[in-house]
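Engineer: Sharing a model that was predicted from the sequence below.
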Amino acid sequence: MPSRSRWALIPLISALLLTLLARPAAAADPFTAYLMAHFTGESATGEQIYFATSTDGLHWTDLNGSQPVLMSAVGEKGVRDPSLVRSPAGDKFWLLATDLRIASGKGWDAAQHAGSTKLVIWESADLVTWSAPRLADVAGSIPQAGCAWAPEAIYDPETGDYVVYWATISPANGVDKARIYYSRTKDFRTFTPAQLYIDRPGTQGVIDTQIIEVAGGTGGYRYIRASGDGQISVEGSNRVLGAWTRLGDLSGLGLTGSQVEGPVLHKFNDRNEWGLWVDQYASGRGYLPLTTTNPAALSGYRIRGTGEYALGASRKRHGTILPITQAQLTALTAKWATATTGTTRLQSFNFTDRYVRHADFDARIDASVSPAADARWRIVPGLADKSHVSLESANFPGYYLRHSDFDFTLSPYDGSTAFAADATFKRIPGLADGSAVSFQSYNHPTRYLRHYGYLLRLDEITTATGRADATFRAVS
């Protein structure tokens, strides 16, 4: 039985334990770099997701050799205006984007008035490995909604969920124009019905709203938002869904809504300074940075000179900037350092000027492939059997050559057994030349990858022509 002195120690030990348990956990890794997600324009692959990183928030390095890192194979099979969202705990990320592909030839009128009312959403735990894209029909309940553009989201501590907001064009109250609507969500899968968020008087529309939380309420406001409404207007509020005060616009700097769009706000990691980037869409020059020490005071914004920033090789259109840690920067760089390192081209045996390539998710053999990275592949362990191989796109990591009904497409791996089998091949000596290579189907072993009419197919091979069509040379 403990002595009285030992009993006396128990309250002291308990108090010490409570103190240790109440002590704050070790600080999270500091933000030392930045990740930008963006699209580049209306080219064949321009309306997809591109990544760039920076260590100072002004000078950017393209990832994946200036090629897309994520591709949308859902909805309109194109995405614009991406937005990165971090959970409060920093353990989950979402990427939201407009479901739109102008390069398909649909035209702007159809895009505005008969376009998709859905958002494209990816999610990730580490910014490196992303889910397959999915659609969320956030604007479908808005009467005569014509689109759902430039989605953004911000965590609302008052309600413990996220406010997702976007622009929809619809003829509400007899006026057909763009307004900002919002929904709430906890998981980016289930959304509350859309509600009107921002409207401007008369016929003036409003698009491209972005909100940032300002720690400490610099300038007297906890939240600052920028929108395109004929100008790039800046507003302040102390609540996400509260009353907002107009603080001014960028017209004093010679930047109006007819010249720039897609404002992106962010804070620099190492100093009391904020950036406001605007997309120079009218001149086609991509993003232009402005900086300030008080985002609520329009007189303090300064346009950075051309020698003060660098955007990398690709043109950067309406995107998003997220602060990241050194570990996240290292992982992103390792994943997408270049598009072609360790890759191979597959040269046709009987059409030696042509190479296996992807084009708009189709698979074929072409000469003079542009961009050249479309004809580069990583020959990786088979998804269904590691003793065999799969063909992963060099410039679209996570996308593989896969047959379906004996036709080939470039498709994102969905984790299914069926996909893995369809994308796995036995690499064998070339059917027409043993020094070359042929690819025998894993799940249809009597069939081989071959070209026919320059398109890739999975066929049974019974003739000399078929053997030549099914033979390739792996070249650098």
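Structural biologist: Everything's here; your move.

Engineer: Show the backbone phi and psi for the residue nearest the centre of the chain.
Structural biologist: Taking CA atoms, centre = their mean as the criterion, Ile49 is the residue nearest the geometric centre of the chain, at 4.2 Å. Note on Ile49: its backbone torsions stand at phi -100, psi 120 [degrees, to the nearest 10].

Engineer: Quick check: it touching Val69?
Structural biologist: Yes. Counting by CB atoms under 8 Å, Val69 is a contact partner of Ile49 at 5.9 Å. Bear in mind the C-beta positions are built from the backbone N, C-alpha and C, glycine included.

Engineer: In the stretch 301-450 of the chain, mark out all the strands, start to finish.
Structural biologist: Taking DSSP state E, counting those that start in this stretch as the test, the strands found in the stretch 301-450 of the chain are 302-303, 317-325, 345-348, 355-359, 362-366, 377-381, 389-393, 399-404, 407-412, 425-429, 437-441, 447-452.

Engineer: would JSON lines of the ones you listed with distance to Ala44 and mean pLDDT be doable?
Structural biologist: Below are the strands of the stretch 301-450 of the chain laid out as JSON lines (distance: least, CB to CB, whole Å; pLDDT from 0 to 100):
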{"stretch": "strand 302-303", "distance to Ala44": "33", "mean pLDDT": "97"}
{"stretch": "strand 317-325", "distance to Ala44": "15", "mean pLDDT": "97"}
{"stretch": "strand 345-348", "distance to Ala44": "19", "mean pLDDT": "96"}
{"stretch": "strand 355-359", "distance to Ala44": "7", "mean pLDDT": "95"}
{"stretch": "strand 362-366", "distance to Ala44": "12", "mean pLDDT": "96"}
{"stretch": "strand 377-381", "distance to Ala44": "19", "mean pLDDT": "89"}
{"stretch": "strand 389-393", "distance to Ala44": "14", "mean pLDDT": "92"}
{"stretch": "strand 399-404", "distance to Ala44": "15", "mean pLDDT": "94"}
{"stretch": "strand 407-412", "distance to Ala44": "13", "mean pLDDT": "93"}
{"stretch": "strand 425-429", "distance to Ala44": "27", "mean pLDDT": "94"}
{"stretch": "strand 437-441", "distance to Ala44": "26", "mean pLDDT": "96"}
{"stretch": "strand 447-452", "distance to Ala44": "21", "mean pLDDT": "97"}
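
Engineer: Compare the ones you listed and give me the one nearest Pro171.
Structural biologist: With CB to CB as the criterion, Pro171 lies closest to strand 317-325 of the strands of the stretch 301-450 of the chain, at 25.2 Å.

Engineer: Let me see the contact set for the residue nearest to the centre of the chain.
Structural biologist: Going by CB atoms under 8 Å, 6 or more residues apart in numbering, Ile49 touches 37-39, 68-72, 79, 82, 95, 97, 122.

Engineer: ok, which stretches of the chain are helices?
Structural biologist: With DSSP state H, the ranges of helices along the chain come out as 4-22, 108-113, 326-336, 417-422, 464-469.
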